[in-house]
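# Sequence first, then the predicted structure, then my questions.
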Amino acid sequence: MFKSISGFIVTAIFMAGFAVSISQPAQGASCSSTLGTCAARCKKDNPTDKNCVSDHCSPKFETCKTSGCWQQGARYGNVLTCNLDRK
């Protein structure tokens, strides 16, 4: 029984650490760099959609410049990343 409890605790700590790490931006992350990632994903995921960047990425970029946060789309887990450099 002790092994299962300690295994559960280790798993819970790992999951909590992982959740914190995905919500924290990489060092040097900015709204502009995230816009670049979004634009690259648009080209890869929707190569025929000429308006993907303007319809999808640009509004998120404008929000990010104000809030410092970027909300990923459902395809990328709806992860909210905050504390981005607003440039």
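The structure has been received and is ready for your questions.
# Could you tell me how far residue 70 is located from residue 48?
Per Cβ to Cβ, to the nearest Å, residue 70 is found 25 Å from residue 48. (Each C-beta comes from the backbone N, C-alpha and C, glycine too.)
# okay, the two: which has more neighbours?
Between residue 70 and residue 48, counting by other Cβ atoms under 10 Å, residue 70 is the more crowded of the two (24 against 5).
# need the contact list for that one.
Listed by Cβ atoms under 8 Å, 6 or more residues apart in numbering, the contact partners of residue 70 are 31, 34, 60, 63-64, 80-82, 84.
# Now tabulate those in CSV and tack on pLDDT, secondary structure and neighbour count.
Compiled in CSV, the contacts of residue 70 are given as follows (pLDDT from 0 to 100; DSSP: H, G, I helix; E, B strand; the rest coil; neighbours: other Cβ atoms under 10 Å):
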residue, pLDDT, secondary structure, neighbour count
31, 97, helix, 23
34, 97, helix, 22
60, 97, helix, 18
63, 97, helix, 14
64, 98, helix, 25
80, 97, strand, 11
81, 96, strand, 18
82, 97, coil, 13
84, 97, coil, 21
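# Dump the residues you listed into JSON lines; add distance to residue 43 as well.
Shown next, in JSON lines, are the contacts of residue 70 (distance: Cβ to Cβ, whole Å):
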{"residue": "31", "distance to residue 43": "19"}
{"residue": "34", "distance to residue 43": "15"}
{"residue": "60", "distance to residue 43": "16"}
{"residue": "63", "distance to residue 43": "21"}
{"residue": "64", "distance to residue 43": "20"}
{"residue": "80", "distance to residue 43": "24"}
{"residue": "81", "distance to residue 43": "21"}
{"residue": "82", "distance to residue 43": "26"}
{"residue": "84", "distance to residue 43": "22"}
